[in-house]
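Peer 1: Kindly return the folded structure for what I paste below:
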Amino acid sequence: MNAYFKSSEFWQCFVFWLWSLTEVAMISMHLMSVSRSASLLSGLLLVTSTVFLTRAFTSIVRRRIENPDAGRSPEVFTFLYFTGVLAVALQIIYTVLRMR
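Peer 2: Model prediction:
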């Protein structure tokens with residue numbers, strides 16, 4: 001278990017998870033400042049995205065700890081691609097919203 005926490009795969013997943021959560025928090029904070037209804041929507045966005053991203057991250061880590069000898073799994077690739085695309089898309093949305 002300790003070896004997995006020192007692996008580059010774990011740190012890649014951790015950084016992408018943290019990056020996505022940071023982008024979601026930035027979008028939510030911006031939406032909260034717009035209006036009351038946008039504040040409710042952003043709160044819902046923040047809570048649901050945090051729950052689902054954290055569940056996905058813990059699922060990846062748990063699966064890799066249970067099966068340490070397996071090669072890189074498709075779940076890890078899917079998680080990295082999904083969170084990376086999500087973070088980049090949220091950065092673009094945040095930039096567009098800030099220009100208005």
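Peer 1: okay, now Val76: neighbour count?
Peer 2: Neighbour count for Val76, taken as other Cβ atoms under 10 Å: 19. For the C-beta atoms, the positions are set from N, CA and C on the backbone; glycine is no exception.
Peer 1: Kindly report the same for Phe77.
Peer 2: By the criterion of other Cβ under 10 Å, Phe77 has 10 neighbours.
Peer 1: Also Phe82?
Peer 2: 14.
Peer 1: could you check the distance from Lys6 over to Cys13?
Peer 2: 13 Å (Cβ to Cβ, to the nearest Å).
Peer 1: Quick check: mean pLDDT of the host helix or strand of Leu97?
Peer 2: Secondary structure assignment for Leu97, by DSSP states H and E: helix 74-99. The average pLDDT within helix 74-99 is 92.
Peer 1: same thing with stretch 43-50?
Peer 2: pLDDT averaged over stretch 43-50 gives 94.
Peer 1: Contact partners for Thr83?
Peer 2: Contact analysis of Thr83 by Cβ atoms under 8 Å, 6 or more residues apart in numbering lists Phe16, Trp17, Trp19, Ser20, Leu53.
Peer 1: ok, and the closest non-adjacent residue to Ser59?
Peer 2: Excluding the flanking residues, the one nearest Ser59 by Cβ to Cβ, 6 or more residues apart in numbering is Glu75, at 7.6 Å.
Peer 1: Longest helix in the chain, please.
Peer 2: Ranked by residue count under DSSP state H, the longest helix found in the chain is helix 36-66.
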